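Asker: 3D model of this:
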Amino acid sequence: MKILVTGGAGYIGGTVAGLLVEKGNQAVVFDNLSHGRRELLPAGVGFVEGELADRAAIESLFIAAKEAGEPFDGVLHFAALIEAGESMVRPEIFFRNNTASTLSLLEAILAHGPRRLVFSSTAAVYGEPETVPIQEDARLLPTNAYGESKLLVEHMLNWLNRIHGLRYASLRYFNVAGAPEGANGITRGEAHEPESHLIPLVLDVALGRRKSIRIYGDDYPTPDGTCIRDYIHVSDLADAHLLALGALETRERLIYNLGNGQGFSVREVIESARRVTGHAIPAEMHPRRAGDPAVLVASSEKAIRELGWKPRYTQLDDVIRTAWIWHQKRYAS
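Answerer: Sure, this is the predicted structure:
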């Protein structure tokens, strides 16, 4: 297959683009490099720099591919802003970048592109869960503008499927972690600037880049009092994207939650990092942050049952082990 990967110079998109090539497909990354790094693109992946809002640029890619006799077979859409906290300070840029720009992509697809799209959505579309683990038919009520910006895209996809026959899969997940292990070892991993995700922050402490890790609240109704979250290894997530893309050959509309099947508390993440790194990793207690639910875990039973998806990294230590290898390489200099 020949697949367009928007946002493919980033952490998740780049991992999926690499897997596409590894499996004998042609991947073309479309990215503005605002949060991605071109030098980390896997070997064999094509690259086009551009803005998602530039409908004409995307249409020209589709038209040129058709004229060359190598049309695109599908689109994997990752390009987005992802910081939920920032979305509550500047919601307008999330609706512009995540929602309006995606509409430009969808218009280009309807005009000249393939009729298969896999959308990297988010479990933030559910907001505060009524039951855990969260099922795909749970109420959709985001509590931040980031989740709302993604949910609006899902609404657009539903209508474009009904009216224009655009086949799509929407994949919802929480926290992605770890680094892909390939024939050449680990060559890319999670990297945000500034960093706000728990596992990289904990590993920063192990490397001596931070003095301690902050724990926000230890009085939640959980076994150890700290928040429980769902972590999925980036390679397992990449597998699910390719399975969903393949399923769209015969299916019209797919919605799946993706996770590790169990949640891990903040304390469990810190203890795992201590085991993996061999460092003490001091922790500081701080008051709860407003809006942090006690438990956020998504059920993946539907994806496992219907897609035949089989997560390989089900143990937290294995997820953090791969992240630790990447983290050391990233800051080796």
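
Asker: Contact partners for the closest residue to residue 309 other than its chain neighbours?
Answerer: Setting aside the residues directly before and after it, residue 309 is nearest to residue 303 in space (Cβ to Cβ, 6 or more residues apart in numbering), at 4.7 Å. Glycine gets a C-beta too; all of them are placed from N, C-alpha and C. Contact criterion Cβ atoms under 8 Å, 6 or more residues apart in numbering gives 240, 243, 256-258, 309 as the residues in contact with residue 303.

Asker: Next: residue 255.
Answerer: 136, 154, 169-170, 172.

Asker: if we can go back for a sec, give me the buried entries from the contacts of residue 303.
Answerer: Neighbour counting over those (16 or more other Cβ atoms under 10 Å) leaves 240, 243, 256-258, 309 as the buried ones.

Asker: Spell out which two among those residues are the most distant pair, please.
Answerer: Farthest pair in those (Cβ to Cβ) is 243 and 257. Separation: 14.0 Å.

Asker: just the strands in the chain please.
Answerer: With DSSP state E applied, the chain shows strands at 2-6, 26-31, 46-49, 74-77, 116-120, 167-173, 175-177, 213-216, 228-233, 253-258, 263-265, 283-286, 295-296, listed in chain order.

Asker: Pull the distance from the fourth one to the chain's centre.
Answerer: In terms of Cα atoms, centre = their mean, to the nearest Å, the centre of strand 74-77 is found 14 Å from the chain centre.

Asker: Tell me the strands beside that strand, with direction?
Answerer: Within its sheet, strand 74-77 is paired with strand 2-6 (parallel), strand 116-120 (parallel), according to DSSP bridges.

Asker: do the same with the second one
Answerer: Using DSSP bridges, the strands paired with strand 26-31 are strand 2-6 (parallel), strand 46-49 (parallel).

Asker: Out of the ones you listed, which is the most enclosed?
Answerer: With neighbours defined by mean count of other Cβ atoms under 10 Å, none of the strands paired with strand 26-31 is more surrounded on average than strand 2-6, at a mean of 25.

Asker: Pull the residues that contact that strand.
Answerer: Taking contacts as Cβ under 8 Å, 6+ apart, the residues outside strand 2-6 that touch it are 13, 16-17, 20, 25-31, 45, 52, 58, 61, 65, 70-79, 105, 113, 245.

Asker: And for stretch 180-189?
Answerer: Residues outside stretch 180-189 that contact it (Cβ under 8 Å, 6+ apart) are 11, 14-15, 18-19, 22, 40, 42, 178-179, 234-235, 238, 322-323, 325-327, 329-330.
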